[in-house]
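Visitor: let me see the structure of the following:
(chains A, B, C and D)
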There are 4 protein chains.
Amino acid sequence: MFQVTEKLATEKICEGDYVILYLDVRRTYMVKVKTGKTFHTHKGYLKLDELIGMEFGATVRTSLGVEFAALKPALTDYIMKSSRKTQITYPKDTALMVIFSGIGAGSRVVESGTGTGALTTALAHYVKPTGKVTTYEIREEFQKAAEKNLKRAGLLDFVELKSKDVTAGIDERDVDAVVLDLATPWLVVPHAYDALKPSGIIVSFSPSIDQVVRTTEALKENNFVCIETVECLMRGMQVERGKTRPHTMMTGHTGYITHARKALRLKVTHEENNATV
Amino acid sequence: MFQVTEKLATEKICEGDYVILYLDVRRTYMVKVKTGKTFHTHKGYLKLDELIGMEFGATVRTSLGVEFAALKPALTDYIMKSSRKTQITYPKDTALMVIFSGIGAGSRVVESGTGTGALTTALAHYVKPTGKVTTYEIREEFQKAAEKNLKRAGLLDFVELKSKDVTAGIDERDVDAVVLDLATPWLVVPHAYDALKPSGIIVSFSPSIDQVVRTTEALKENNFVCIETVECLMRGMQVERGKTRPHTMMTGHTGYITHARKALRLKVTHEENNATV
Amino acid sequence: MFQVTEKLATEKICEGDYVILYLDVRRTYMVKVKTGKTFHTHKGYLKLDELIGMEFGATVRTSLGVEFAALKPALTDYIMKSSRKTQITYPKDTALMVIFSGIGAGSRVVESGTGTGALTTALAHYVKPTGKVTTYEIREEFQKAAEKNLKRAGLLDFVELKSKDVTAGIDERDVDAVVLDLATPWLVVPHAYDALKPSGIIVSFSPSIDQVVRTTEALKENNFVCIETVECLMRGMQVERGKTRPHTMMTGHTGYITHARKALRLKVTHEENNATV
Amino acid sequence: MFQVTEKLATEKICEGDYVILYLDVRRTYMVKVKTGKTFHTHKGYLKLDELIGMEFGATVRTSLGVEFAALKPALTDYIMKSSRKTQITYPKDTALMVIFSGIGAGSRVVESGTGTGALTTALAHYVKPTGKVTTYEIREEFQKAAEKNLKRAGLLDFVELKSKDVTAGIDERDVDAVVLDLATPWLVVPHAYDALKPSGIIVSFSPSIDQVVRTTEALKENNFVCIETVECLMRGMQVERGKTRPHTMMTGHTGYITHARKALRLKVTHEENNATV
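Guide: Take a look at the predicted model:
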């Protein structure tokens, strides 16, 4: 019914693989498996050699006998571990931006700014294996971090990193989606219009309301339709029979998500007008 | 740099295509283009023949001169238009379930229940072109609606519809994700464990807190880890310089999303036990 | 220890009293008890005479045998029943405005606009029996409704209704709080400063963000401190063992509440200035 | 029109008064004015003697020339400063509990538990000058803190502190409201029924859903009606032209508020029935 042998073979932990070591929801660590390397925790140390050859999902014990699960990193792990400390990319926003963008395998996407590649990681994950993400960033220090993070996630092949100012123009044409997370998205809207194919989708993320207003105005002026802005609040739950309740602390705001679709301009020429006379 | 000719050729509206006719955010209609068919609105009628040969994104005028944009349906359109009236599948929940599930092109997913296929549509969209969604449903009337909706979205090839009770067992093995939206997810948890490959992910959607508690208990008993439950509130914004504000009405609750990953059970052998004697 | 006799005597329903007839959370009616009057519901009719002499809290039966509780109206009933249909005053906002304002028995408050008196009702309730609410309104049709609503709630004695434009000035001086719910609160801020006693509190309710920004700027310019803006989301719960969950629909936005306190301007005298020469 | 002289006389800061020293929203300090006392901040020190004779609302300068406003404490200051560090009483919840309870000047209220008196402070503020709050607490260490906090707020005269277990019974009868914030509110519901006058209101605050379910069941069994549970989310805004946005962090959950009203039991006895024959 399915190919266990081959499949499971690829699910064994190998030298060079990334592994999520999971103790509890707050204590998860992403490590690169390397012979001779030791991973130290407050609950004792782990010799990473021991992981080699184990299946993903296996339980390992530290020197102090505490159990960790050795999980295969999931998309959300790569996103979270690629975030900047000062500006976390939350799965809730990433997920909404992806679904509104309409992208899937084979899509061609333009993104800006790259930052440390958290959102790029998600976009590349969804366009692979036949699509491409072209991502613009002017700050070089970020581009290097992004490249490292995309490589770690095995997604660098689906991304083109450009050291260019996206507010000066987008080189690509006929792309499926333009995804923006930068300070002045309204300056990119006209370029996004040129880059998108008809009916193509733009998605923009902005922390402040003023950015949203300016971006929305630019979208209206540039013949975008289906313009909508939402914000998303995600709240974690403490689930335990007899003690179930939402968590006390939550992130109250990350940003607003604005999305719209490119409509074609009506090309009413003099000839056409006269024709009806 | 890219193939305009070929690409644009495929973006012309053809007989049989689905088109989103967009007037404003509240008035969007999905129509199937058919020669001789007329679409009536409060703003006049449209002869659908006229759309044939136009580019997606083009603007059309009704008999009363009102402009509609003729957009290519996006994923969110297919999801929304596949929802049951009594239980809308919201993009916010779909998006989170997809991102937590970790799926992408090539993933093998088990889903239940199929319902009218709104969530199935999203899952199929993300696993195409090389993955597969197997979806279980016991209510036959839903399955037919789901099949129709998936066909309309061009995603039926990536879905296997099963008329089976998922609480009695899952046939598949070594799948990447199990995605649940049914009344008693806790009864499916042991089967999901058997079906998932190690480190595989389960995601469950439930409206009530009691379902969440039972499901979480079942996940703990069945050796799942990284168990987390969240709820997501999405609020639309009215964006207009000088009058910007959140919308008055919002959906206050749809359901909770619980997700977890399969860890392997410790296989304590006799040798290990004896060693301590 | 307390006077049962006298107390209970006043708790009997009398001719002219208002009574809340309660069937369930969605079906509550405020009626005025009058000899000979009949109240018709989908569940049969009630002769209101029968209520006279009963205790508040008593259960009555309609002609069809359906039970209603005859409750004494509470503050929230008077607030809700005084709201305009197009702009409901929500207890959540009223409650926060009252607590931020710091008012209590004996406080002197200026309010504007009066509207139909929903917020006035709450303010009067909390300043009675020794305080006073002076409320400004330029639309005469509202003032009459407000007067009627305040009379019904037994609070008219603690309110002065003024037919004046508050943006042109406030007559009162040395008041404890100024409470605003009108389109241009920033125009009232300088007048509020003059009307308030030192350390007095201003509270303003505005639906749009732009109103909040302008009001905040006016507060800063006019030497107010402790300036803070919040919004409050209230969500109802469906509570039933095994089916507990938040309600599906909720009010997503009513308005923002901005509050601040009056600080005194530094009176820099010539002597001080010269001292530094 | 008003008595400036007398009024302002009472608004001068005196020895023994509490003053809020306000630098910015995050740095506000409540101090007791005392001759010879010095208040040290990171921005220099203040000799508190200097405040004596100044008006509330005046601006003072520290030894380093930094300005603080010397404000009269408002109700919310007393509430916040009376909170336990481990369980903050939020004005949003206090405000809703107060408004749902329907209390005002003259009301008689039973509260439990007292805790450190934060909620008691609010209740006493609203029932003064003619009402009374009787508050039950079994943990003596809290009662002392509560007494100190109520005294500081000038509200001790309106409160009776009882060292008693409220789950064993309530002594008072014919009270207007019972307000609960304790671990097992459902055990108090029958006693609250006995203590309340007909149509009286019970309000209960509970962090967990399970407490809400049990309390709601107890309310139904004990002939309470108008039973409703809500939760309230309050989010602060950063207001600054061009940079306006909700604050990043917010309190995601404090607790649910359940409120209900006492209906009278139908006392249809055989005798009564026969009497009408």
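Visitor: and whichever residue of the stretch 1-150 of chain A sits closest to chain B, what does it touch?
Guide: Closest residue of the stretch 1-150 of chain A to chain B, Cβ to the nearest Cβ: A:Gly57 (3.0 Å). C-betas here are computed from N, CA, C, even on glycine. Residues in contact with A:Gly57, defined by Cβ atoms under 8 Å, 6 or more residues apart in numbering or on different chains, are A:Ala69, A:Ala70, A:Leu71, A:Lys72, B:Lys197, B:Pro198, B:Ser199, B:Gly200, B:Arg261, B:Lys262, B:Ala263, B:Leu264.
Visitor: grab the nearest non-local neighbour of A:Glu140.
Guide: A:Ser163 (6.5 Å; Cβ to Cβ, 6 or more residues apart in numbering or on different chains).
Visitor: how much space separates the one you found from A:Lys151?
Guide: With distances taken as Cβ to Cβ, to the nearest Å, A:Ser163 is found 17 Å from A:Lys151.
Visitor: equivalent analysis for A:Val225, please.
Guide: For A:Val225, the distance to A:Lys151 - Cβ to Cβ - is 38 Å.
Visitor: higher neighbour count, the two?
Guide: A:Val225 (23 against 13; other Cβ atoms under 10 Å in any protein chain shown).
Visitor: so is the more buried one in a helix, a strand, or just coil?
Guide: strand (DSSP: H, G, I helix; E, B strand; the rest coil).
Visitor: mind checking pLDDT for it?
Guide: Looking at A:Val225, its pLDDT stands at 97.
Visitor: that one reaches A:Arg265, doesn't it?
Guide: No - under the criterion of Cβ atoms under 8 Å, A:Val225 is not in contact with A:Arg265, lying 11.5 Å apart.
Visitor: who in the stretch 51-200 of chain A is up against chain B?
Guide: For the stretch 51-200 of chain A, the residues found near chain B under the criterion Cβ under 8 Å from any Cβ of the partner chain are A:55-59, A:67, A:69, A:71-72, A:74-76, A:91-92, A:94-96, A:98-100, A:102, A:104-106, A:122, A:125-126, A:128-130, A:171-174, A:197-200.
Visitor: buried ones among those?
Guide: Neighbour-count burial (16 or more other Cβ atoms under 10 Å in any protein chain shown) applied to these gives A:56-59, A:69, A:71-72, A:74-76, A:91-92, A:94-96, A:98-100, A:102, A:104-105, A:122, A:125-126, A:128, A:172, A:174, A:197-200.
Visitor: so where's the stretch 101-250 of chain A uncertain?
Guide: Applying pLDDT under 70 to the stretch 101-250 of chain A picks out no residues at all.
Visitor: looking at it, which residue is nearest chain C?
Guide: For the stretch 101-250 of chain A, Cβ to the nearest Cβ, closest residue to chain C: A:Ile209, 5.4 Å.
Visitor: how about the residue of the stretch 151-277 of chain A found nearest chain B, secondary structure?
Guide: Distances between the stretch 151-277 of chain A and chain B by Cβ to the nearest Cβ are smallest at A:Pro198, namely 3.0 Å. Recorded secondary structure, A:Pro198: strand (three-state DSSP).
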